[in-house]
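Engineer: Show me how the following folds:
(one chain, ligands or ions: 3)
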Amino acid sequence: MIQLKAAPWSAVRDSDLPLGIFAYEDAGVAGASVVKPAARRALWEHAKAEGFKGGPGDAVSLHGSDGARQRRWVLVGLGKRKDASPETIRRAAASMGQFARKRFKRLAALLPGDAQAAAEGLILSSYRFEEYKKPDPDAQLAEVQVVVEAPAQRARVESAVNRAALYAEAVAFARDLVNRGPSDKRPESLGKAAKDMSGGTVTVQVIGREEAEKLGMGSYLSVARGSSVPPCFVHLTYRPKGAKRKIGLVGKGITFDSGGLSLKPPQSMEEMKMDMAGAALVLAVFKVLERLKIKAEVQGFCAFTYNMPGPDATKPGDVVRAMNGKTIEILNTDAEGRLVLADALVYASRQNLDALLDFATLTGAALVALGSNVTAAMTNDKALLGRYGAAAKRAGEDVWELPLVKEYKDRIKSAVADLRNISKVRVEAGTIIGGLFLQEFVDGRPWVHFDIAGPAWANGDGPYCPEGGTGALVRATLEYLGGL
Ligand code: BES
Ligand code: MN
Ligand code: ZN
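Structural biologist: Ligands and ions are numbered 1, 2, ... in the order given. Sure, this is the predicted structure:
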């Protein structure tokens, strides 16, 4: 991905780097106080004459003066001034990155407003998943110099750029894991990838099948039964000195969801390598926690396994026992996410944490309810979700609460066990039912369940994310943790 570095205006001014600059469609060139007003106006008029309107994502390249010398400019539209937000800036900066990546090797940019959001957009615009193919030969842009307009701003710009680079690194890490083919991300190899993160303030414990059996994780293990490849549970701990808060992050790590014996139709399986996006988020966060100097203690829990219909697979009607003793009648082996999370949540709830956040591509119903841009959240602690939601907003990620409707609890009562893994009332409220099921395993602790089935995957290219894994809620979670 593109490398960013902060550079003083004096150095950029005297270079022949193309200079990126932003403009509102109703207010002309934005910010860029180092460029004289007359030069800014001239650029705007010149760009308009070239057909540039300043709408979101519009971009044009032209020659013009900065007041002292002629240079090449890249103008990018921000849309209307009243609609401006960190997210419009992030997207506009990504458009600049997209526009420049095939044209220039290096670029300087005068970023408008929120420098961190802009820097994130620039860096992530260059993310590509290239594990299985040659790098794009047309991609040239390697470095962007972010202009520090006044010496007093240097520290602020540098820290914004650094933070953006770490956020982008984490997002790219999550995307890479999600995009990788399902046979190339076996639970044990992801366990090893997690183990490789240990050192410094991070310790990692990898729990294999036998130990999970000893712990009584019967619900989780029932999902792994249909695969010849063993499961792997990962417990990561980041413990900085003087931490006051302790947060647990729990991730669904289904490395491929075939549905098990309740087999999915082929089309629904096409994207099911993404069913470990929740666990990918957890690992991605751990990748950068220390470098971001997060003050809180963070523990991560990833329940990795394939969900396959092999010869010894769990059969509809089977009853299993989770780590907290609750029994579950499994009627649909495709509702496996809640089965692995049940044990992961019980395990996490025993670590004496202040809050538990779980991330899971849990239900197709979440996609029906909120589409592919919005995460469904359910909680037993509205204030906790409120704080996370505010952080998500800053990160440009949408989270919307769904209610944990008490009256629906009857629908997951079983005649032969404590719970059934699907609702008695079909079709209705599938996402809420998933949340109600998980709530049975958090022991009343402050908890939020994030159903990321929609946002974890992009069906087409966006300004700062190509088709495929998105790294959904990685930035939101880092932003939340950074505020503790
Ligand atoms: N991994 C799927 C959910 C999913 C669907 C994620 C589409 C992303 C896109 C999950 O394991 C699943 O199969 N859920 C079932 C639950 C049902 C059987 C109660 C579903 O959504 O159909
Ligand atoms: Mn499933
Ligand atoms: Zn699944």
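Engineer: Can you give the domain ranges for the chain?
Structural biologist: 3-149, 172-482 (automatic domain parsing).
Engineer: could I get these as TSV with mean neighbour count, mean pLDDT and distance to Arg156?
Structural biologist: In this view, the C-beta of every residue, glycine as well, is placed from N, C-alpha and C. TSV is the format used below for the domains of the chain (neighbours: other CB atoms under 10 Å; pLDDT from 0 to 100; distance: least, CB to CB, whole Å):
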stretch	mean neighbour count	mean pLDDT	distance to Arg156
domain 3-149	19	95	7
domain 172-482	20	98	16
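Engineer: Need the three-state assignment for Val161.
Structural biologist: helix (DSSP: H, G, I helix; E, B strand; the rest coil).
Engineer: got the contact list for it?
Structural biologist: Applying CB atoms under 8 Å, 6 or more residues apart in numbering to Val161 gives the contacts Leu4, Lys5, Ala6, Ala115, Gln116, Ala119, Val146.
Engineer: so what's the residue of the stretch 101-250 of the chain found nearest ligand 2 closest to, chain neighbours aside?
Structural biologist: Here the stretch 101-250 of the chain gets closest to ligand 2 at one residue, Val223, 9.2 Å apart by CB to the ion. Take Val223 and drop its neighbours on the chain: the residue closest to it by CB to CB, 6 or more residues apart in numbering is Glu336, 4.6 Å away.
Engineer: Double-check the one you found against Arg225; I have them as touching.
Structural biologist: No. Applying CB atoms under 8 Å, one finds Glu336 not in contact with Arg225, separated by 10.8 Å.
Engineer: Please identify every residue contacting each of these two.
Structural biologist: In terms of CB under 8 Å, 6+ apart, Glu336 and Arg225 are not both contacted by any residue.
Engineer: Centroid-wise, who is the farthest residue in the chain?
Structural biologist: With CA atoms, centre = their mean as the measure, the chain has its most outlying C-alpha, relative to the mean C-alpha position, at Ala68: 43.3 Å.
Engineer: Pull the contacting residues for that residue.
Structural biologist: By CB under 8 Å, 6+ apart, the neighbours of Ala68 are Arg13.
Engineer: Using the three-state scheme, assign it.
Structural biologist: Under three-state DSSP, Ala68 falls in the coil class.
Engineer: For ligand 2, see how far away it is.
Structural biologist: Remark: distance between Ala68 and ligand 2 (CB to the ion, to the nearest Å) = 62 Å.
Engineer: Got the phi and psi for the residue of the chain found nearest ligand 3?
Structural biologist: Residue of the chain nearest ligand 3, by CB to the ion: Asp257 (3.7 Å). Main-chain torsions, Asp257, degrees, to the nearest 10: phi -110, psi 100.
Engineer: Bridged to it, which residues?
Structural biologist: Beta-bridge partners recorded for Asp257 (DSSP bridges): Asn307.
Engineer: For ligand 1, what's its nearest residue on the stretch 251-400 of the chain.
Structural biologist: Per CB to the nearest ligand atom, Gly364 is where the stretch 251-400 of the chain lies closest to ligand 1, at 3.3 Å.
Engineer: I'd assumed Gly434 was in contact with that residue.
Structural biologist: No. Using CB under 8 Å, Gly364 is not in contact with Gly434, being 10.4 Å away.
Engineer: re the thing from before, could you pull up the residues touching the residue nearest to Val223?
Structural biologist: By CB under 8 Å, 6+ apart, the neighbours of Glu336 are Val223, Ile254, Asp257, Gly260, Asn307.
Engineer: separation between it and ligand 2?
Structural biologist: When Glu336 is compared with ligand 2 (using CB to the ion), they lie 5 Å apart.
Engineer: can you check Lys264 too?
Structural biologist: Using CB to the ion, Lys264 is found at 7 Å from ligand 2.
Engineer: related to what we said a few turns ago, how about the residue of the stretch 251-400 of the chain closest to ligand 1: what's its closest non-neighbour residue?
Structural biologist: Ala453 (6.3 Å).
Engineer: so the one you found is in which element?
Structural biologist: Per DSSP states H and E: Ala453 is located in neither a helix nor a strand.
Engineer: Touching, it and Phe359? I think so.
Structural biologist: No. If you go by CB under 8 Å, Ala453 and Phe359 don't touch, sitting 10.7 Å apart.
Engineer: Give the full set of residues in contact with Lys264.
Structural biologist: Counting by CB under 8 Å, 6+ apart, Lys264 touches Asp257, Ser258, Met272, Asp334.
Engineer: And those, which two are furthest apart?
Structural biologist: Met272 and Asp334 (10.1 Å; CB to CB).
Engineer: so what sits against both of these two?
Structural biologist: By CB under 8 Å, 6+ apart, Met272 and Asp334 have these common neighbours: Asp257, Lys264.
Engineer: Val76 in helix, strand or coil?
Structural biologist: Per three-state DSSP, Val76 ends up strand.
Engineer: List phi and psi for the residue nearest to it when sequence neighbours are not counted.
Structural biologist: Spatial nearest neighbour of Val76, excluding adjacent residues (CB to CB, 6+ apart): Met96 at 4.4 Å. Main-chain dihedrals, Met96, degrees, to the nearest 10: phi -60, psi -40.
Engineer: what sits against Met96?
Structural biologist: Counting by CB under 8 Å, 6+ apart, Met96 has contacts Gly20, Phe22, Ala59, Val74, Val76, Leu107, Ala109, Gly121, Leu122, Ser125.
Engineer: Need the nearest residue in space to the first one, chain neighbours excluded.
Structural biologist: Leaving out its chain neighbours, the residue that sits closest to Gly20 by CB to CB, 6+ apart is Ala109, at 3.7 Å.
Engineer: for the stretch 351-484 of the chain, what spans make up the strands?
Structural biologist: Applying DSSP state E, counting those that start in this stretch to the stretch 351-484 of the chain gives strands spanning 355-360, 374-379, 398-401, 419-420, 447-451, 457-458, 468-469.
Engineer: so can I have a markdown table of those showing distance to ligand 2?
Structural biologist: Below are the strands of the stretch 351-484 of the chain laid out as a markdown table (distance: least, CB to the ion, whole Å):
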| stretch | distance to ligand 2 |
| --- | --- |
| strand 355-360 | 11 |
| strand 374-379 | 16 |
| strand 398-401 | 22 |
| strand 419-420 | 15 |
| strand 447-451 | 13 |
| strand 457-458 | 14 |
| strand 468-469 | 17 |
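Engineer: So for Lys185, which of these sits nearest?
Structural biologist: Lys185 lies closest to strand 468-469 among the strands of the stretch 351-484 of the chain, at 11.4 Å (CB to CB).
Engineer: same for the closest one, what does it pack against?
Structural biologist: Strand 468-469 is packed against helix 154-179, strand 457-458, with contacts defined by 3 or more CB pairs under 8 Å, 6 or more residues apart in numbering; DSSP states H and E.
Engineer: could the ones you listed be laid out in a markdown table, adding distance to Trp44?
Structural biologist: Shown next, in a markdown table, are the helices and strands packed on strand 468-469 (distance: least, CB to CB, whole Å):
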| stretch | distance to Trp44 |
| --- | --- |
| helix 154-179 | 24 |
| strand 457-458 | 33 |
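Engineer: These: which one's closest to Leu345?
Structural biologist: helix 154-179 (20.9 Å).
Engineer: How far does the closest one sit from its chain's centre?
Structural biologist: 11 Å (CA atoms, centre = their mean, to the nearest Å).
Engineer: same deal with stretch 286-300?
Structural biologist: Computed by CA atoms, centre = their mean, the chain-centroid distance of stretch 286-300 equals 16 Å.
Engineer: ok, and what's touching it?
Structural biologist: 163, 166-167, 169-170, 173, 194, 197, 200-202, 234-240, 242-251, 282-283, 285, 348, 351, 353, 478, 481-482, 484.
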